[in-house]
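K.L.:
I'd like to go over a predicted model; first the sequence, then the structure.
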Amino acid sequence: MMLFGKVSQQLCGLKKLPWSCDSRYFWGWLNTVFNKVDYERIRDVGPDRAASEWLLRCGAMVRYHGQEKWQKDYNHLPTGPLDKYKIQAIDATDSCIMSIGFDHMEGLEHVEKIRLCKCQYIEDGCLLKLSQLENLRKSILEMEIISCGNITDKGIVALRHFRNLKYLLLSDLPGVREKENLVQTFKTALPSLELKLQLK
């Protein structure tokens, strides 16, 4: 209900409704609304809860430490002590997460795995932002980036800053063109990394 209230407030404030142009503009606008960072909310409920709300609102899933089940329903987010549920894994398959929402990740300390698959709004800037977050630099062990058409070599190279990264899968990324350079970069920066390339 709270989410609907925020969206309807923004709709009422518009002079021209976004769908009057075309539906693509409307969905882009709505996805931007879903990604907007509410810093007060992060302060009130903590980074893991706020990030969970953002990810699920955008169609992603999260898994918490000590749990096998993926959380995918926004309306069934666990209740209880705010510090009890720490995000361990993120699966953003087919989600609408975009760079403006990545500030939600800043306080996360326990994320070990991130999967970005068919994320149409993910671009190099998202990976650069992730690679600058000190907590994630330490905690990330596995990453999979699949069928994200806006990712190029520039974004992938930034992943070398995840100093504990053990496994990296790169698949179906048409913007990634310099495979040999990537292999060499990761071999130098992360010698124990298992790098799987499924690129053309």
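P.N.:
In hand now; what should we look at? Numbering: from 1, shown residues only.

K.L.:
name the helices or strands packed onto the strand or helix carrying Leu55?
P.N.:
For Leu55, the host element (DSSP states H and E) is helix 47-57. Judged by 3 or more C-beta pairs under 8 Å, 6 or more residues apart in numbering; DSSP states H and E, helix 47-57 is in contact with helix 23-35, helix 39-45, strand 61-64, strand 87-91. Using the backbone N, CA and C atoms, a C-beta is placed for each residue, glycine as well.

K.L.:
Residues touching that helix, excluding its own?
P.N.:
If you take C-beta atoms under 8 Å, 6 or more residues apart in numbering as the criterion, helix 47-57 is touched by 3, 34-35, 37-38, 41-42, 45, 61-62, 71-74, 77, 82-83, 85-87, 90, 92, 95, 97, 101, 104-108, 110.

K.L.:
List only buried entries from those residues.
P.N.:
34-35, 42, 61-62, 71, 85-87, 90, 92, 95, 97, 101, 104-106, 108 (16 or more other C-beta atoms under 10 Å).

K.L.:
Quickly note the distance from His76 to Glu142.
P.N.:
According to C-beta to C-beta, to the nearest Å, His76 and Glu142 sit 26 Å apart.

K.L.:
Show me which of the two is the more surrounded one.
P.N.:
Glu142 (17 against 9; other C-beta atoms under 10 Å).

K.L.:
if I look at the more buried one, how far off is Lys196?
P.N.:
Glu142 sits 11 Å away from Lys196, taking C-beta to C-beta as the criterion.

K.L.:
Just give me the residues shared between the contact sets of these two.
P.N.:
167-168.

K.L.:
low pLDDT regions in the chain?
P.N.:
1-31, 33 (pLDDT under 70).

K.L.:
wait, doesn't Lys36 sit right on Gly101?
P.N.:
Yes - Lys36 lies in contact with Gly101 (C-beta atoms under 8 Å); the separation is 7.3 Å.

K.L.:
now the strands for this structure?
P.N.:
For the chain, applying DSSP state E gives strands covering 61-64, 87-91, 113-117, 142-146, 167-171, 194-198.

K.L.:
Which elements pack onto the third one?
P.N.:
Pointing back at strand 113-117 there. Judged by 3+ C-beta pairs under 8 Å, 6+ apart, strand 113-117 is in contact with strand 87-91, strand 142-146.

K.L.:
Same question for the first one.
P.N.:
Packing partners of strand 61-64 (3+ C-beta pairs under 8 Å, 6+ apart): helix 47-57, strand 87-91.

K.L.:
Contacts for it next, please.
P.N.:
In contact with strand 61-64 (C-beta under 8 Å, 6+ apart) are residues 51-52, 55-56, 69-72, 78, 85-93.

K.L.:
Just give me how far that strand sits from the chain centre.
P.N.:
In terms of C-alpha atoms, centre = their mean, to the nearest Å, the gap separating the centre of strand 61-64 from the centre of its chain is 12 Å.

K.L.:
cool, the second one as well?
P.N.:
Shown here is strand 87-91, whose average C-alpha point lies 10 Å from the average C-alpha point of the whole chain (C-alpha atoms, centre = their mean).
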